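Q: Dropping a prediction and its sequence here:
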Amino acid sequence: MSTLDYNSVKDLKHYRNFGIIAHVDAGKTTTTERILYYTGRKHKMGEVHEGAATMDFMEQEQKRGITIQSAATTAFWKTKTDELYRFNIIDTPGHVDFTAEVERSLRVLDGAVVVFDGKMGVEPQTMKVWLQAQKYMVPRMCFINKLDGIGADFYKSYGTIINQLSKTAAPIQLPIGRENDFDGIIDLVGMRAHMYLDAKGEIIDETDIPADMLDKAVEWRNKLIEAVSDSNDEIAEKYLNGEEIGGVELKAAIRAATLELKMFPVIAGAALANRGVQLLLDAVCDYLPSPVEKKHLFLNPETEETEVLMGRVGGLNTDTDTADYRELAENAPFSALVFKISNDPHVGTLSFFRVYSGKVETGTYIYNSSSDTKERVGRIVMLHANDREDVSNVKAGDIAAIVGLKNTKTGHTLCEEKNPIILESINFPEPVVSFAIEPKTKSDQDKLGMALGKLANEDPTFRVRTDEETGQTIIAGMGELHLDVKMELLRSEFGVDVSVGAPQVAYRETILAIGEHREVLKKQTGGAGQFADISFILEPMEAGKGYEFSDEIKGGSIPREYIPSIDKGIQEALTAGPLGGYPVVDIKARITDGSYHAVDSNTDTFKMCAHYGFKEAMRQCKPVLLEPIMKVSVIVPEEYVGSVTGYLSSKRGIPKGMEQAGMMKQITAEVPLAELFGYVGDLRNITSGTAIPNMDFGFYAQVPGGIQAQVLGEKK
């Protein structure tokens, strides 16, 4: 594709920035591969099961047959009315361990196609991605896929969407036939049938609806009109008066309801069998929003009220510390959000960004308002999975990458220095599983730090730290699969071989009581010595509040210039609590009194005194361990409900509920992460391989006394 093609769609109303999201194995990547084929972006269909999918280009993705990282591409689609649309598409992972990839993608996308397995309907991770999309007010379409498979049922799958995701989801298509006989789709808006006449799905014969399905089509079209009537008074009035509602009028009403998140169109297909993909592309154009039609939430820092914006985004003006806005137009001041960092072995660091306003060209300078640095735009590239194509500029609505930015990280805002703004960043969940790793050779040791730094820069949910007591390198992530993939990347991309210890839980430490302590640091050996004297009061805070520092010094007993050093010393002490060296959370430190020496006191002595004094103060405040509690859901056939419930209870799990999930039962529970290593294999054994498990981080809770003693004993 030539660079000229990227400028062939100039009107933002014909842009569609959308993602493909779903539970693992629902068919996201296969659907994306078919989209690339039918839009002419590629000339051969890549198959996931053959390891040849364009968007799954990582070696680990091809080997495992799953998507691990989000991949972006640009394609074009011409509708039946000869209107040309530009698609910026992101294919996302479905496995819960890589949920951060979905989070960052939805932050910058305008719409989403949620893919469902026609046999399973709603699955655990489907709920997760649906809620993520809801958080960012992303309009969605539901694509019930794999309808050619044995046991697939469009109507049952739709039932799970209605029961578990949204009552306002409504089919705009019906399948003709099922399983091996699925060979057509009814368009309920235009009341026409599309029949597939060959195995490639290339030839679509648009015809009258088969006589044996006409009554059902009329019934479901009436249901569709009723669904639209809930948010459209004109359609409701016509429907109640028995007036005919034409296809053009109905399509416009569906679009309006979809953009308002009051309706979610449901369509049918089988991507692997090349059924329904072209109609999906038409539906993306018809019902998903353009950049100027997407709603954006903005928490105004001045009023502290949430605003709903359309056609513009809000942020903080760093010059005035007030709310500021950017029109989503090419002639507005430049602003963009970096949503992903990737290290490419051939070109270096790639910073993926979404342009919200204005335009940026190669060879110019931009301002990173998040890091307060200027960056030079050396190269701008459009992405097609792992292929790159240089372009001279990008403008409002585009998704691209800049090569070689040095001080830019995920969530940073890029803008003009004379028009500074910080857009809302991206919040990621905290990692919950950690491993201790050690390099196997001296050469591995030399390369390990750099490699881990690059991996952590790419992935905000991958953390690296050094254990102060043991000197071990600790890596933390979202699950065992997440960290297993990182270890493979160390070996395959960086040539670093490491020994991996047993999985560790990311414990935290906090206090239960208020305590007071006075710490005096005094060393005098002739000449200048060391002196600092600080009185502390520590208080527990509400869960999730983190750390708060309060300076209550009166009368100058400690000079003002030493107060920041005290705060810094405490923050360094927070990284390793007194119980087991775990990070300290949810604590308030009040500095109430102290003294200093005119010669022997300095910033370093007060910082050191604060560090040691804080740890001593914590010991007097009933310190306890906190452990991550996971929200676990397991979908199983009814005959295994008792076995699974008993298993979760044996893992210190607290049952939270059970509900119908299609033909199966979904059990939900809150279970400590420490009890869940290997639980997927256990569940498969218990349920003869039928269980569909899922877990997501919930919250931190106090570790029971006996188990705390055991954990700390093992730590020592």
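A: On my side now, so go ahead.
Q: ranges for the strands of the stretch 551-700 of the chain?
A: 587-595, 623-636, 654-661, 664-672, 692-702 (DSSP state E, counting those that start in this stretch).
Q: could you dump those strands to CSV with distance to Ser351?
A: No exception for glycine: its C-beta is placed from N, CA and C like everyone else's. Output for these, formatted as CSV (distance: least, Cβ to Cβ, whole Å):
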stretch, distance to Ser351
strand 587-595, 36
strand 623-636, 31
strand 654-661, 40
strand 664-672, 38
strand 692-702, 27
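Q: and of those, who's closest to Ile534?
A: strand 587-595 (4.5 Å; Cβ to Cβ).
Q: rewinding a little: ranking the strands of the stretch 551-700 of the chain by burial, who's on top?
A: Comparing the strands of the stretch 551-700 of the chain by mean neighbour count (mean count of other Cβ atoms under 10 Å), strand 623-636 comes out on top with a mean of 22.
Q: related to what we said a few turns ago, export the strands of the stretch 551-700 of the chain to a markdown table and tack on mean pLDDT?
A: Output for these, formatted as a markdown table (pLDDT from 0 to 100):
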| stretch | mean pLDDT |
| --- | --- |
| strand 587-595 | 94 |
| strand 623-636 | 90 |
| strand 654-661 | 88 |
| strand 664-672 | 90 |
| strand 692-702 | 83 |
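Q: Quick one, which of the ones you listed gets closest to His296.
A: Nearest to His296, of the strands of the stretch 551-700 of the chain and by Cβ to Cβ, is strand 692-702 at 25.4 Å.
Q: Other residues contacting the closest one?
A: Applying Cβ atoms under 8 Å, 6 or more residues apart in numbering, the contact partners of strand 692-702 are 96, 99, 120, 123-125, 128, 429-430, 432, 478-479, 508, 543-544, 585, 624-636, 664, 670-672, 676, 679-680, 683.
Q: immediately after that strand, which helix or strand?
A: helix 705-715 (DSSP states H and E).
Q: returning to what we had before: relative to Gly151, which of the strands of the stretch 551-700 of the chain is closest?
A: Across the strands of the stretch 551-700 of the chain, closest to Gly151 is strand 664-672 (Cβ to Cβ), at 12.4 Å.
Q: now the angle between strand 654-661 and that closest one, please.
A: Interaxial angle of strand 664-672 relative to strand 654-661 (axes from the mean of the first three to the mean of the last three Cα atoms, to 10 degrees): 160 degrees.
Q: Show me what Val505 is bridged to.
A: Bridge pairing for Val505 (DSSP bridges) gives the partners Val433.
Q: doesn't Pro431 make contact with it?
A: No: counting by Cβ atoms under 8 Å, Val505 sits too far from Pro431 to count as a contact (10.7 Å).
Q: measure the closest residue to Leu673 other than its chain neighbours to Lys568 for me?
A: Of all residues not flanking Leu673 in the chain, Pro628 sits nearest, at 4.5 Å (Cβ to Cβ, 6 or more residues apart in numbering). To Lys568, Pro628 is 28 Å away according to Cβ to Cβ, to the nearest Å.
Q: Same question for Ile380.
A: Distance from Ile380 to Lys568, by Cβ to Cβ: 39 Å.
Q: Next: Gln666.
A: 48 Å.
Q: Ok, Thr408 next?
A: Counting by Cβ to Cβ, the gap from Thr408 to Lys568 is 26 Å.
Q: do Trp77 as well
A: 55 Å.
Q: Neighbour count: the two, which is higher?
A: Taking neighbours as other Cβ atoms under 10 Å, Trp77 and Lys568 compare with Trp77 leading, 21 against 16.
Q: how far is the helix or strand harbouring Asn222 from where the chain is centred?
A: Element membership for Asn222, per DSSP H and E: helix 214-229. Counting by Cα atoms, centre = their mean, to the nearest Å, helix 214-229 is centred 35 Å from the centre of its parent chain.
Q: Which residues does it contact?
A: With Cβ under 8 Å, 6+ apart, helix 214-229 has contacts from 168, 170-172, 174, 186, 188-189, 191, 209, 235-236, 239, 245, 250, 253-254, 257, 263.
Q: so after it, what's the next helix or strand?
A: Following helix 214-229 toward the C-terminus (DSSP H and E): helix 233-240.
Q: now the strands for the stretch 201-350 of the chain?
A: 204-207, 264-268, 295-299, 306-310, 312-317, 322-327, 335-344, 348-357.
Q: and the second one, how far from the chain's centre?
A: What it means is strand 264-268. Taking mean C-alpha positions (Cα atoms, centre = their mean), strand 264-268 and its chain are 23 Å apart.
Q: And for the last one?
A: Relative to its parent chain, strand 348-357 has a centroid offset of 17 Å by Cα atoms, centre = their mean.
Q: Paired strands for the following helix or strand past it, with orientation please.
A: For strand 348-357, the following helix or strand on the C-terminal side (DSSP H and E) is strand 359-361. Note on strand 359-361: by DSSP bridges, its sheet partners are strand 393-395 (antiparallel).
Q: So for the strand it pairs with, mean pLDDT?
A: Throughout strand 393-395, pLDDT has a mean value of 94.
Q: neighbouring contacts of the next helix-or-strand element following it?
A: Scanning forward in sequence from strand 393-395 by DSSP H and E, the next helix or strand is strand 399-403. By Cβ under 8 Å, 6+ apart, the residues outside strand 399-403 that reach it are 17, 72, 74, 88, 90, 108, 342, 347-355, 375, 377-383, 388, 391, 394.
Q: what lines up beside the helix or strand just after strand 399-403 in the sheet?
A: Tracing the chain C-terminally past strand 399-403 and defining elements by DSSP H and E, one meets strand 413-415 next. Strand partners for strand 413-415, identified by DSSP bridges, are recorded as strand 335-344 (antiparallel), strand 365-368 (antiparallel).
Q: How far off centre is strand 413-415?
A: On Cα atoms, centre = their mean, the centre of strand 413-415 falls 21 Å from that of its chain.
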